[in-house]
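**Student:** quick one, fold the following:
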Amino acid sequence: MVSPFVKRYLLALDRYKWPSLATLLGILGISAVVAVQPPPPPLYRAEGVLVQNAPVVALTTTGTEVQQRGQGIISEEFLLADVLLQQVSQELERQGISMDPETLRYRTTVKLEGEENLVQRVTVTFRGADAEQTQLTLSLMFEAMVELSRVTNRARIGAIVTALDERLPAVEADLRAAEQALETYDRTEGPAIQSALDGSLLGAISGGQQQQRQNQIALAGLDSQIQSLQQQLGLTPGQAFTASALSADPIIAQLRSQILESETQLKLLSATLRESHPTIQDLRQNLAAYNALLAERAQEVIGGQDLAALPSVSEVRQNSSLDPARAALANQLVTLSAQRAALASQQQVLSQSDGQLRQQYSSLPNKQLERNRLAQQVALNQALYDQIQAKRIDAQAAEAETASSLTVAQPPTTTLQADPPTSPIVVMAVGGLLGIVAAGAVAFLLDLLDSTARTPEDLQGILTDQDVPVLGLVPALAATSSQGWPILYQPQTPDLEIYERLRSSLRRAGSLSEAGTPPRVVLVVSSRSGEGKTTSAFNLGIAAARAGRRTLIVEADLRQPSCGHRLGIKLSPAAISAPLHYYAGRQQEPIQLAPWVENLYLAPSPGPQPHPAAILESSEMGQFLTDARARFDLVLIDAPPLGNSNDALLLGAASDGLLLVTRPGYTDKAVLEALLEQLLENEDLPLLGAIVNATDRTTISSATIPPTDSAAVTPAPQPMVRSIDF
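**Tutor:** Below is the predicted model:
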């Protein structure tokens with residue numbers, strides 16, 4: 001059995017034989033033109049070798065690095081640069097040889113040998129028609145290649161010097177800025193860091209702490225003495241100061257004496273004299289004056305600081321009456337209080353100083369780190385500056401010893417390149433072989449661009465992918481009439497058995513559907529015209545009628561004329577003018593008996609009609625199909641192609657299922673896939689299966705054919721139906 005691919009390829013060759021033949025003849029023509037060409041003129045070949053140039057003595061590092069990099073950039077583009085070819089062309093022009101740079105590039109071949117990014121050997125070949133010119137040209141190219149490498153190395157060194165000169169001012173400025181920053185930092189933070197380094201800061205902290213401890217001991221002793229004196233005098237240090245000051249003032253002492261004298265006289269005279277007596281009045285006035293003077297003098301003595309503690313003159317008199325011993329104790333208390341205040345102030349200053357010293361000591365690591373960072377920055381900038389200066393001096397020295405990265409290892413030598421002549425027979429044979437391959441490729445490519453399904457296997461693959469059962473493979477039928485119609489009238493026709501199996505498969509497909517019963521009304525459709533839909537409907541109806549089934553074929557394609565003449569049935573002209581009356585049976589009975597096949601009836605199409613959809617949706621058509629379902633065992637509706645219109649779907653409600661007809665060479669793959677997707681989404685109209693027409697008989701014999709339903713060929717009891725008038 002031939003594989004589907006080979007079969008499709010053979011069909012493509014047959015279909016596109018003229019483009020393939022044109023391709024074959026075109027290539028053969030080109031081969032003939034090449035075969036009759038005269039032999040080429042003699043060709044000379046000059047060849048030489050360049051290798052790496054390793055200088056004996058290298059005094060500078062930059063020169064060695066540049067030379068190594070120059071070896072790394074050697075490539076075919078570098079050796080055949082435009083500037084090099086231009087120089088060689090000009091030199092040849094001066095010597096009387098005219099050759100443009102593009103010709104030089106075309107005739108020159110460069111072969112690089114060596115490791116990756118490191119060329120160790122360069123073989124240069126030049127082809128020409130004259131031996132001397134070829135030798136001279138390659139020699140000039142060798143000189144130009146060596147000189148170009150040297151100039152490139154020198155330019156690279158010059159670029160290095162220029163780059164270093166451009167970089168040096170900025171690096172020097174960074175170095176000076178870093179040095180200035182370090183100098184400024186040393187001026188401000190240097191003493192603190194130095195004091196920490198030599199131990200003076202720790203000594204100051206330790207001395208301050210010792211002084212604080214001594215002051216605390218002294219304060220404890222002073223507090224004890226002050227507390228003892230306060231208990232003895234019953235006075236606070238402030239009160240003791242006030243009492244000591246008042247007691248030591250002579251004016252206050254005199255005023256106290258006068259007040260005492262006046263009070264004594266007033267007390268003595270009060271016993272004998274009335275209060276209104278002038279003497280009593282004078283004494284009281286004097287006493288009041290003395291008290292006022294005493295208060296004023298007390299304010300002058302103590303400076304008004306303790307007036308709030310002396311609300312009356314009596315307290316002033318009492319505080320100013322210290323005896324010498326108590327006055328000495330009061331003075332001692334005041335002295336000790338002053339000493340304590342001085343020590344407390346000193347202690348506070350020492351505490352603040354200790355905090356400052358400790359803070360300075362705690363920030364010392366950060367200051368040291370900052371100084372180290374600044375010093376490191378200076379060192380880095382200094383190192384970079386020194387490195388650039390050294391590199392600059394080395395590069396300037398390298399300019400004097402610049403050398404090429406290439407040297408001539410083998411001078412150019414010229415030989416005659418003799419190519420054996422090509423036989424015209426060989427050229428034609430190769431051309432013929434290429435033509436055959438190209439012709440086959442053209443046919444294959446054109447077949448790939450064609451979306452039509454060309455083989456039954458293509459159609460079966462699409463149907464299988466969509467889970468659509470293939471009910472039968474029908475071969476290409478020969479014409480059985482003088483008009484060329486493949487209608488199987490004769491009962492002993494061998495191909496009728498294929499349609500009998502198709503009818504059996506159709507009954508079984510209906511039994512496996514959701515309805516569970518064999519279909520009585522089947523809608524026969526296709527994707528386009530020419531796929532054999534009408535022929536399949538007629539032959540399937542004939543097979544059913546031969547099996548004893550009362551079968552009706554309804555021509556529902558109202559866009560086309562009737563094909564009833566294929567079965568010997570003629571349509572009345574009145575049916576075309578009044579199709580609704582025709583289907584209602586008012587003018588003529590639409591159902592007619594086929595004269596050549598028993599049990600076969602046909603309802604011819606009154607087409608073509610201008611508005612077929614309106615007729616198919618009419619109540620007359622609906623009633624006609626309802627009556628047909630009741631009167632016949634099988635009704636086959638030959639519907640219009642679905643690719644042209646949706647008329648067939650209008651009859652879906654009156655049918656039990658749909659039978660799809662396909663044909664290799666006619667059915668379009670994309671149209672078929674879209675149609676199957678649309679039909680499978682329609683749950684109201686089940687797709688019973690598909691037929692593949694025009695299949696090779698070898699394919700049918702090798703395919704698995706569903707077994708024939710034995711009950712299908714046994715005539716069933718005829719239902720009681722009304723008679724049909726013809």
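**Student:** what residues are up against Gly643?
**Tutor:** With contact set as Cβ atoms under 8 Å, 6 or more residues apart in numbering, Gly643 has these partners: Ser526, Ser527, Arg528, Asp668, Val671, Leu675. (Each C-beta comes from the backbone N, C-alpha and C, glycine too.)
**Student:** and if we set it to 10 Å?
**Tutor:** Applying Cβ atoms under 10 Å, 6 or more residues apart in numbering to Gly643 gives the contacts Val525, Ser526, Ser527, Arg528, Ser529, Glu531, Thr667, Asp668, Val671, Leu672, Ala674, Leu675.
**Student:** now the fifth one: closest residue in space that isn't a chain neighbour?
**Tutor:** In this structure, Ser529 finds its nearest non-sequential neighbour in Pro641, 5.4 Å apart by Cβ to Cβ, 6 or more residues apart in numbering.
**Student:** contacting residues for the one you found?
**Tutor:** So Pro641 contacts 525-531, 533, 557, 559-560, 647-648, 661, 675 (Cβ under 10 Å, 6+ apart).
**Student:** against which helices or strands is the helix or strand hosting Leu329 packed?
**Tutor:** Element membership for Leu329, per DSSP states H and E: helix 324-362. Under the contact criterion of 3 or more Cβ pairs under 10 Å, 6 or more residues apart in numbering; DSSP states H and E, helix 324-362 touches helix 131-198, helix 200-233, helix 237-248.
**Student:** that helix: what's the following helix or strand?
**Tutor:** helix 364-399.
**Student:** that next one vs helix 200-233, what angle?
**Tutor:** Comparing the axes of helix 364-399 and helix 200-233 via axes from the mean of the first three to the mean of the last three Cα atoms, to 10 degrees yields an angle of 170 degrees.
**Student:** packing partners of the following helix or strand past helix 364-399?
**Tutor:** Per DSSP H and E, helix 364-399 leads on to strand 406-417 as the next helix or strand towards the C-terminus. Using 3+ Cβ pairs under 10 Å, 6+ apart, the elements in contact with strand 406-417 are strand 43-52, strand 118-128, helix 131-198.
**Student:** tell me the strands beside strand 406-417, with direction?
**Tutor:** Strand 406-417 has the following strand partners under DSSP bridges: strand 43-52 (antiparallel).
**Student:** flag every buried residue along the strand it pairs with.
**Tutor:** Residues of strand 43-52 classed as buried by neighbour count (16 or more other Cβ atoms under 10 Å): Tyr44, Arg45, Ala46, Glu47, Gly48, Val49, Leu50, Val51, Gln52.
**Student:** state the distance from the first one to Arg107.
**Tutor:** This points to Tyr44. Per Cβ to Cβ, to the nearest Å, Tyr44 is found 11 Å from Arg107.
**Student:** isn't Ser149 up against Ile73?
**Tutor:** Yes - between Ser149 and Ile73 there is a contact at 9.0 Å, judged by Cβ atoms under 10 Å.
**Student:** who has more neighbours, these two?
**Tutor:** Shown here are Ser149 and Ile73; by other Cβ atoms under 10 Å, Ser149 has more neighbours (24 against 15).
**Student:** can you give me the strands in the stretch 451-600 of the chain?
**Tutor:** Listed in chain order, the strands of the stretch 451-600 of the chain (DSSP state E, counting those that start in this stretch) span 470-475, 521-526, 551-555, 592-593, 600-603.
**Student:** could I get those strands as JSON lines with distance to Ile160, mean neighbour count and mean pLDDT?
**Tutor:** As requested, the strands of the stretch 451-600 of the chain are arranged in JSON lines below (distance: least, Cβ to Cβ, whole Å; neighbours: other Cβ atoms under 10 Å; pLDDT from 0 to 100):
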{"stretch": "strand 470-475", "distance to Ile160": "81", "mean neighbour count": "23", "mean pLDDT": "91"}
{"stretch": "strand 521-526", "distance to Ile160": "82", "mean neighbour count": "26", "mean pLDDT": "95"}
{"stretch": "strand 551-555", "distance to Ile160": "96", "mean neighbour count": "28", "mean pLDDT": "96"}
{"stretch": "strand 592-593", "distance to Ile160": "107", "mean neighbour count": "18", "mean pLDDT": "93"}
{"stretch": "strand 600-603", "distance to Ile160": "101", "mean neighbour count": "25", "mean pLDDT": "95"}
